[in-house]
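>>> here you go, sequence then predicted model.
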Amino acid sequence: MTGAAAADIVPISDADRALPAARRGLSGVYLRPEALGAIESDWRDLARDAVEQNPFYSPWMLRPALARLPSGGVKVACVFEGGRLAGLVPLAPMQGYARLPVRYLATWMHEHCFYAAPLVRRGCEEVFFKSLFRLADAHPARPAFLRLRHIDADGPLVRAARNVAEDAGRLSFLSGAFERALLKGGYCADDYLAKTIRKKKRKEMTRLRRRLEETGAVVMQTLDDARDIGRWRDDFLALERAGWKGREGSALAASQASAGFFGETLDRAFAAKALRFYRLEVGGRAIAMIVNFLAGEEGYSFKIAHDPDFARFSPGVMLEIEMLKALENEKGLRFVDSCASADHRMINSLWADRRSIAGLNISGPRRRDRVLLGACAALEGARERFGAPGQRR
């Protein structure tokens, strides 16, 4: 298959018209968020067979996000090959880049989304990106370029996208790269901790654990019963609201939309066997909780919260250590992405490896599109060389 011809692209959002056209052959279509139910079965199959796993774009997480969080202008680009869903990614029109008033399309990221790699079926990388680029060209916003945000800079999707762009005479460049902590699978927890945590720090954590046990029994628990989801959800929301995120107004409980998104995502992720929810208790009281999502062989650490009344015991560090021991037993786990900021001291001191995250910009097909993107690259490069922070979006 050599890719979609122009006639194979269906830049419409009406599922009643788009899906039959797509399933007749190789096609790219835009779907409105409310039309995604028509492809959920295909979507789940795609997520299981994706080149790069991404729970943030799985049906059990993306649908609640689109339904409950601000998402004006977002449409989901879907590529079909021979009637089978070959790839999917939500896109949003953007205005202004590198201080230039340009219009572009970007992968959609809400405030609780920390990875934005498109879901692409194995073996369909070339087909997907050829169709995706043409879908971007056909968008009514007339974007000058497409930006794939927060993607693995060294991953197979970046390589595939750049190869397709080069073959089509499109300009592409990576920008805003940063590294965040990564936990590689296949480890022995005790050996790993001995290598990553200094002996003095390990002794200090042992001392804090003993002091904490003086206040009550210390227990690590894993959510394993759907009937407990509501209680765990409420406990997490309360812990997060009690900490710095509550003071800054960024806690999930700060808005009904975010709290609703969180609750629905937990329900859906648990049903999909993708949720790993842990809590550290003292005398039956939760003092630290963490939410992880597993997709295939890859994991993503989503949110962590702890009780500020117990801050002197470092409950977040204790829970991370206990979680690391629990994840040791996950068969086939390749890695867990911390989803943390590059300068997160706590997780950087516990997890030894790093993952490079960046944005990939791909120009439109016209000469002026390439020239404009080249100007953006030059301006952004100059800012980064002179110490201004890169665009990490």
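Noted; the coordinates are in hand. Everything numeric in this text was worked out from a predicted model, so none of it was measured. Residues are numbered from 1 along each chain as shown.
>>> tell me if I'm right that L379 and S175 touch.
No - judged on CB atoms under 8 Å, L379 makes no contact with S175 at a distance of 10.5 Å. C-beta: built from backbone N, CA, C; applies to glycine.
>>> so those two - more neighbours on which side?
With neighbours defined as other CB atoms under 10 Å, L379 and S175 compare such that S175 has more, 21 against 14.
>>> partners of the more buried one in the sheet?
Beta-bridge pairing of S175 under DSSP bridges involves G359.
>>> quick one: pLDDT of it?
pLDDT recorded at S175 is 93.
>>> that one reaches A358, doesn't it?
Yes - contact status for S175 versus A358: in contact at 6.5 Å, counting by CB under 8 Å.
>>> next one: phi and psi at the spatially closest residue to H110 that is not a sequence neighbour?
Once flanking residues are discounted, H110 sits nearest to L69: 4.6 Å by CB to CB, 6 or more residues apart in numbering. Per-residue torsions, L69: phi -100, psi 160 (degrees, to the nearest 10).
>>> please renumber so the chain begins at 325
Got it, the first residue is 325 from now on, which makes the last one we talked about L393.
>>> what lies in contact with stretch 581-600?
For stretch 581-600, contacts defined as CB atoms under 8 Å, 6 or more residues apart in numbering pick out 368, 379, 382-385, 387-389, 391-394, 435-436, 546-547, 550, 553-554, 556-557, 560-561, 576-577, 601, 615-619, 623, 650-651.
>>> what about the residues you listed, which are in helices?
368, 383-385, 387-389, 391-392, 553-554, 556-557, 560-561, 650-651 (DSSP state H).
>>> of the residues you listed, grab the buried ones for PyMOL.
Typed into PyMOL, the line below selects the buried ones among the ones in helices among the contacts of stretch 581-600, using 16 or more other CB atoms under 10 Å:
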select buried, resi 383+384+385+387+388+389+392+553+556+557+560+561+651
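>>> the residue nearest to the spatial centre of the chain in helix, strand or coil?
For the chain, Y439 is the residue whose C-alpha lies nearest the centre (CA atoms, centre = their mean; 2.4 Å). For Y439, the assignment made with DSSP: H, G, I helix; E, B strand; the rest coil gives coil.
>>> return the residues in contact with it.
Contacts here follow CB under 8 Å, 6+ apart; on that basis Y439 touches 378-380, 474-475, 624, 661, 663, 681.
>>> where in the stretch 375-524 of the chain is pLDDT low?
Scanning the stretch 375-524 of the chain for pLDDT under 70 picks out no residues.
>>> what about the strands in it?
Assigned by DSSP state E, counting those that start in this stretch, the strands in the stretch 375-524 of the chain fall at 399-405, 408-421, 424-431, 443-444, 469-476, 496-508.
>>> partner strands of the third one, with direction?
The partner list of strand 424-431 in its sheet, established with DSSP bridges, is strand 408-421 (antiparallel), strand 469-476 (parallel).
>>> quick one: distance of the last one to the chain centre.
Yep, that's strand 469-476 we're talking about. 12 Å (CA atoms, centre = their mean, to the nearest Å).
>>> neighbouring contacts of it?
With contacts defined as CB under 8 Å, 6+ apart, strand 469-476 is touched by 376, 415, 418, 421, 426, 428-431, 433, 437-442, 456-457, 460, 481-482, 485, 679-688, 693, 696-697, 700, 716-717.
>>> quick check: which element contains the residue nearest to G554 when sequence neighbours are not counted?
Of all residues not flanking G554 in the chain, G587 sits nearest, at 7.8 Å (CB to CB, 6+ apart). Counting by DSSP states H and E, the element that carries G587 is helix 580-595.
>>> next, the buried residues of that helix.
Buried residues in helix 580-595 (16+ other CB under 10 Å): 582-583, 585-594.
>>> okay, now S638: neighbour count?
20.
>>> what's near enough to touch the residue nearest to H434?
434-436, 581-582, 585.
>>> and if you look at A577?
A577 touches 561-562, 564-565, 570, 583, counting by CB under 8 Å, 6+ apart.
>>> okay, now the residue nearest to Q419 when sequence neighbours are not counted: neighbour count?
Counting by CB to CB, 6+ apart, R427 is the residue found nearest to Q419 once chain neighbours are left out, at 5.7 Å. Under the neighbour criterion other CB under 10 Å, R427 is assigned a count of 16.
>>> contact partners for R427?
R427 sits in contact with 417-419, 465-468, where contact means CB under 8 Å, 6+ apart.
>>> now V543
Counting by CB under 8 Å, 6+ apart, V543 touches 604-606.
>>> how about 10 Å then?
By CB atoms under 10 Å, 6 or more residues apart in numbering, the residues touching V543 are 603-608, 610, 646.
>>> for the protein, list the residue farthest from the centre, please.
Quick read of the chain (CA atoms, centre = their mean): farthest out is E538, 39.2 Å.
>>> so what pLDDT did it get?
95.
>>> likewise R341?
Predicted confidence (pLDDT) for R341: 58.
>>> if we can go back for a sec, restricted to buried residues, select the contacts of strand 469-476 in ChimeraX.
Buried residues among the contacts of strand 469-476 (16+ other CB under 10 Å), as a ChimeraX selection:
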select :376,415,418,421,426,428,429,430,431,433,437,438,439,440,441,442,456,457,460,481,482,485,679,680,681,682,683,684,685,686,687,688,693,696,697,700
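>>> before we move on, back to that, could you give the angle of the helix holding G587 to helix 383-392?
For helix 580-595 against helix 383-392, the angle by axes from the mean of the first three to the mean of the last three CA atoms, to 10 degrees is 160 degrees.
>>> so for helix 580-595, mean pLDDT?
98.
>>> also stretch 615-629?
Mean per-residue pLDDT for stretch 615-629: 95.
>>> so what's the gap between it and the chain middle?
The answer for stretch 615-629 is 10 Å, by CA atoms, centre = their mean.
>>> related to what we said a few turns ago, out of the contacts of Y439, who's nearest P632?
C663 (22.0 Å; CB to CB).
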